[in-house]
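Enquirer: what's the 3D shape of this:
(one chain, ligands or ions: 1)
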Amino acid sequence: MSPRKDNGLIKEALFREYLRTKGLSYTYERRHILKEILETSKTIKHFTIDRLYNNLQAKRNRISKSTLYRTIKLLEDSRIVKKTDIAPDHYVYEKVEQYNIGHVVCLKCKKIIEINHRETKKIVNSICRKKRFQYKTHTFEIKGYCNNCVSLSLKDE
Ligand SMILES: [Zn+2]
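Expert: Next comes the predicted model:
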């Protein structure tokens with residue numbers, strides 16, 4: 001799996017998890033907007049809402065501008081995109097790169113928990129020191145089963 005593809009899957013899982021905690025569902029519109037953002041960011045680092053809107057229109061996705069604005073807000077809150085003001089009343093969005101953020105992933109319910117950057121940094125620094133390795137970047141992922149899924153499977157037995 002390429003890092004880019006993997007990153008897309010993580011973004012999707014993070015967004016689903018965020019929506020779940022807010023009691024919102026992963027609708028057709030939300031899925032397509034996220035997909036378009038991931039697609040657009042491959043070629044444009046900073047994009048505007050108008051750009052996304054035009055791209056969605058070109059693909060015949062009938063998503064209204066107000067839905068797009070509301071969804072972008074949700075994506076901002078779930079830290080998948082970030083907004084940068086470049087001038088008064090003019091701002092752009094960009095995808096948040098999360099290569100250096102650690103994740104704990106539940107293989108059953110697909111829940112993703114972020115690991116605090118400071119926690120992984122300590123481990124990474126100590127490994128680099130011991131192995132005499134000049135640090136550039138890292139990924140950190142633990143896969144397994146969350147507490148909830150473990151207790152549910154115990155009940156089934
Ligand atoms: Zn789980």
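
Enquirer: CA atoms for contacts and neighbours, from now on please.
Expert: Fine.

Enquirer: next up, the contacts around Leu38.
Expert: Residues near Leu38 by CA atoms under 8 Å, 6 or more residues apart in numbering: Gly8, Lys95.

Enquirer: what strand or helix carries it?
Expert: Element membership for Leu38, per DSSP states H and E: helix 28-40.

Enquirer: tell me how many other residues surround Lys11.
Expert: Around Lys11 there are 25 other residues, counting by other CA atoms under 10 Å.

Enquirer: swap that for Cys149, please
Expert: 15.

Enquirer: pretty sure it sits against Lys108.
Expert: Yes - counting by CA atoms under 8 Å, Lys108 is a contact partner of Cys149 at 6.8 Å.

Enquirer: surely Ile127 is within a strand?
Expert: No - the assignment for Ile127, made by DSSP: H, G, I helix; E, B strand; the rest coil, is helix rather than a strand.

Enquirer: now list whatever residues contact both of Cys149 and Lys108.
Expert: Counting by CA under 8 Å, 6+ apart, nothing touches both Cys149 and Lys108.

Enquirer: how is this protein divided into domains?
Expert: As given by automatic domain parsing, the domain ranges for the chain are 3-95, 102-156.

Enquirer: now the longest one: how far from the chain's centre is it?
Expert: In other words, domain 3-95. Computed by CA atoms, centre = their mean, to the nearest Å, the separation of domain 3-95 from the middle of its chain amounts to 10 Å.

Enquirer: Asp50 belongs to a strand?
Expert: No - looking at Asp50 with three-state DSSP, it is helix, so not inside a strand.
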